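In: next one to model:
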Amino acid sequence: MAEEEPKTRKIPVWELPDVPKGKLPPHIELQRTRVTCNPEAPIHTDNDQYWGTYASMGVDNSLRLEEFRENFKVEVISLTEDDIVFDMIGINVAIANAFRRILIAEVPTMAIEKVFIANNTSLIQDEVLSHRLGLVPLKVDPRVFNYMSENDEPTEKNTIVFKLHVSCEKKGPRIKVKSDELKWLPNGSEFLLSTEKSTTDSTSDSTLKEKTYTSFSCSQNSLMEFSDNPIAPRHDDIILAKLGPGQEIELEAHAVKGMGKTHAKWSPVATAWYRMLPEVVLLEEIVGEKAEELVKKCPVKVFDIEDIGKGRKRAAVARPQSCTLCRECIRGDGWDKLVALRRVKDHFRFTIESTGALPPEVLLTEAVKILEDKCERVITELS
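Out: The predicted structure follows:
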């Protein structure tokens with residue numbers, strides 16, 4: 001009589017040794033929270049937010065508001081007049097990318113939209129000169145101005161007018177026309193748009209009434225608002241054109257409010273980018289000549305040598321955040337068994353470089369407000 005095969009029972013994950021109930025095994029948790037960089041290519045790059053991903057292991061993968069509040073952090077690494085570097089911890093990559101896209105395309109600024117050229121005898125064509133003027137960043141807070149539609153009349157609240165008039169003497173040397181030649185006209189345009197006849201009641205004489213493109217007067221409140229910080233180009237040394245003897249440029253440039261998704265000239269950032277935080281781990285102790293070889297392999301000096309006594313030296317991870325994941329340290333026989341390169345999936349290092357219209361820290365708060373408005377609109381549409 002054949003012996004009966006012993007009955008087998010599938011052991012749940014939470015009954016395995018060293019795996020508490022409601023927790024994932026270490027190797028699964030590593031795949032969930034880290035991107036592993038192998039010599040050939042990175043693996044475990046997905047970021048699954050589905051609540052039932054690990055349901056068979058007794059783990060709820062859904063996002064909880066209380067956990068998000070507890071884990072979310074923003075840590076400023078460096079802040080200057082033009083750029084900011086900060087860590088955003090505890091968010092999904094989709095939200096991080098939303099901030100990046102909003103910073104580039106949806107935070108409004110003021111930029112030159114129309115250029116009225118009265119005289120241009122320089123070698124640079126009118127359209128090229130206009131394009132250069134449009135890309136000059138302006139030092140003005142766009143939040144105090146309104147958007148201008150096609151049907152709106154230019155006013156002090158939606159239009160900024162600059163004048164540029166430079167000429168080179170006929171027997172003089174060549175000169176450079178720089179952005180500091182753009183002068184703000186608080187009372188609007190000085191170029192005549194047309195003339196029309198108007199008749200007074202007391203006499204029958206006809207007089208000519210002059211009209212300009214933007215014939216508005218800047219109020220005292222507006223003048224006081226910009227008295228300490230007058231409207232001007234952010235940088236004074238941007239070369240717009242070069243004039244030879246006898247050449248001249250006379251024009252007016254009208255700036256309006258817009259967003260980067262309409263044209264790049266309205267983008268408030270020179271660049272806005274992020275990267276996942278690098279994580280460099282030594283899987284084994286590396287000593288002696290092997291340690292020195294590892295230090296030499298890294299082009300950005302992530303590793304260093306430390307003395308552990310009795311003339312022995314070992315490799316240590318000194319500057320992990322400098323790692324560019326070039327993977328030189330894990331190339332070669334057996335090095336991937338000694339060094340592990342990873343990226344933390346919910347830890348992002350942001351860099352924002354402002355063009356100068358708004359300080360970089362203000363750009364971040366404005367991006368948060370825009371994302372908040374988007375969420376409120378979605379909630380309103382669904383309710």
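In: now the helix or strand hosting I249: buried residues?
Out: When elements are defined using DSSP states H and E, I249 is found to belong to strand 248-258. Residues I249, E250, L251, E252, A253, H254, A255, V256, K257, G258 are the ones in strand 248-258 that count as buried (16 or more other C-beta atoms under 10 Å). Heads up, the C-betas are built off the backbone N, CA and C, glycines and all.
In: turn those residues into JSON lines, columns for pLDDT and distance to F162.
Out: Converted to JSON lines, those look like this (pLDDT from 0 to 100; distance: C-beta to C-beta, whole Å):
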{"residue": "I249", "pLDDT": "96", "distance to F162": "13"}
{"residue": "E250", "pLDDT": "95", "distance to F162": "12"}
{"residue": "L251", "pLDDT": "95", "distance to F162": "9"}
{"residue": "E252", "pLDDT": "94", "distance to F162": "7"}
{"residue": "A253", "pLDDT": "95", "distance to F162": "4"}
{"residue": "H254", "pLDDT": "94", "distance to F162": "8"}
{"residue": "A255", "pLDDT": "95", "distance to F162": "7"}
{"residue": "V256", "pLDDT": "95", "distance to F162": "12"}
{"residue": "K257", "pLDDT": "96", "distance to F162": "15"}
{"residue": "G258", "pLDDT": "96", "distance to F162": "16"}
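In: a markdown table for those, including distance to V177?
Out: Listed next are the buried residues of strand 248-258 as a markdown table, based on distance: C-beta to C-beta, whole Å:
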| residue | distance to V177 |
| --- | --- |
| I249 | 6 |
| E250 | 11 |
| L251 | 11 |
| E252 | 15 |
| A253 | 13 |
| H254 | 19 |
| A255 | 18 |
| V256 | 23 |
| K257 | 26 |
| G258 | 25 |
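In: of those, which is the nearest to R314?
Out: Using C-beta to C-beta, the shortest approach to R314 within the buried residues of strand 248-258 belongs to G258, at 57.1 Å.
In: sorry, back to before: so what strands line up beside the strand holding I249?
Out: Listed by DSSP bridges, the sheet partners of strand 248-258 and their directions read strand 109-120 (antiparallel), strand 160-167 (antiparallel).
In: out of these, which gets nearest to K178?
Out: The nearest among the strands paired with strand 248-258, by C-beta to C-beta, is strand 160-167 at 9.2 Å.
In: after the strand holding I249 comes which helix or strand?
Out: strand 269-282.
In: list the buried residues in the helix or strand just after that following strand.
Out: Towards the C-terminus, the helix or strand next in line after strand 269-282, according to DSSP H and E, is helix 288-297. In terms of neighbour count (16+ other C-beta under 10 Å), helix 288-297 has its buried residues at A291, L294, V295, K297.
In: in this structure, what secondary structure element scores lowest on mean pLDDT?
Out: strand 206-212 (a mean of 48; mean pLDDT, DSSP states H and E).
In: break this structure into its domains for me.
Out: Domain assignment for the chain, taken from automatic domain parsing, gives 21-54+62-107+268-383, 109-266.
In: select the longest helix from this protein.
Out: For the chain, the longest helix by residue count, based on DSSP state H, is helix 360-382.
In: quick one: contacts of it?
Out: If you take C-beta atoms under 8 Å, 6 or more residues apart in numbering as the criterion, helix 360-382 is touched by 79-80, 82-84, 86, 98-99, 102-103, 106-107, 268-269, 352-354, 358.
In: how near is the most centrally placed residue in the chain to K369?
Out: Among the residues of the chain, the one closest to the centroid is A272, at 2.2 Å (C-alpha atoms, centre = their mean). To K369, A272 is 16 Å away according to C-beta to C-beta, to the nearest Å.
In: returning to that earlier point: which of the buried residues of helix 288-297 sits closest to A41?
Out: Closest to A41 out of the buried residues of helix 288-297 is K297 (19.3 Å), distances taken as C-beta to C-beta.
In: pLDDT value on the closest one, please?
Out: Here the pLDDT value assigned to K297 is 92.
In: and the closest residue to K337 other than its chain neighbours, backbone torsions?
Out: Setting aside the residues directly before and after it, K337 is nearest to L283 in space (C-beta to C-beta, 6 or more residues apart in numbering), at 6.6 Å. Dihedral angles of L283 (phi, psi; degrees, to the nearest 10) stand at phi -70, psi -20.
In: out of the contacts of helix 360-382, which are buried?
Out: When burial is judged by neighbour count using 16+ other C-beta under 10 Å, the buried members of the contacts of helix 360-382 are 83-84, 86, 98-99, 102-103, 106-107, 268-269, 352-354, 358.
In: in helices only, show me the residues you listed.
Out: Counting by DSSP H, the part of the buried ones among the contacts of helix 360-382 found in helices is A98, F99, I102, L103.
In: and the third one, how close does it get to D373?
Out: Between I102 and D373 the distance, using C-beta to C-beta, works out to 10 Å.
In: with the first one instead?
Out: Counting by C-beta to C-beta, the separation of A98 from D373 is 12 Å.
In: avg pLDDT for stretch 228-248?
Out: Stretch 228-248 shows a mean pLDDT of 92.
In: first-to-last residue distance for it?
Out: 32 Å (C-alpha to C-alpha, to the nearest Å).
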